[in-house]
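Colleague: Okay, predicted coordinates and the sequence, questions at the end:
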Amino acid sequence: RICVITLAEAHPLLQNGKTITSINYQISANCSRLQNKVSGKSKRGAQFLTELAPLCRISSADGEEYTIYSCIRGRLIEVNENILNNPAILQEKPSTEGYIAVVLPKFEESKSITQGLLTRKEYEEVLLKRLNSSS
């Protein structure tokens, strides 16, 4: 029932040999995802995220900055602090140790959320269509 937020394989940061220079969980002057303190079975203190809530900003050596959004409603359970000291993990192991955050959707919403997800095959078809339309 938890959602692990990672970079998609097609994300620009994972293409074209980009180098990640920094990751910042400070979203605004008053909001840092690192200040998220979760306790107990009901996950008290967890920040509540909407689909459009920014999780972090990732900067690359070429000056580009990418804002990574939650894309799902739920409680922020954990952010991956390991990527702060070693940003290369995001590119080397994006679907395992290089995760960005863990979000727990509301129990009532979790079924509708998972029903709306693409299968691996559907995702690859979307990427293929996107590639064909841009060339």
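Modeller: Nice, I can see it.

Colleague: quick one, longest helix in the chain?
Modeller: In the chain, assigned by DSSP state H, the helix with the most residues is helix 120-134.

Colleague: contacts for it?
Modeller: 9-10, 118 (C-beta atoms under 8 Å, 6 or more residues apart in numbering). No exception for glycine: its C-beta is placed from N, CA and C like everyone else's.

Colleague: cool, and stretch 93-110?
Modeller: By C-beta under 8 Å, 6+ apart, stretch 93-110 touches 1-7, 9, 14, 33, 43, 46, 49, 55-56, 68, 70, 72-80, 82-83, 89-92, 113.

Colleague: Mind listing what's buried along it?
Modeller: Under the neighbour-count criterion of 16 or more other C-beta atoms under 10 Å, stretch 93-110 has 94, 98-105, 110 buried.

Colleague: confidence score at the closest residue to residue 82 other than its chain neighbours?
Modeller: Computed as C-beta to C-beta, 6 or more residues apart in numbering, the closest residue to residue 82 that is not its neighbour in sequence is residue 89, at 6.4 Å. You'll see residue 89 listed with a pLDDT of 93.
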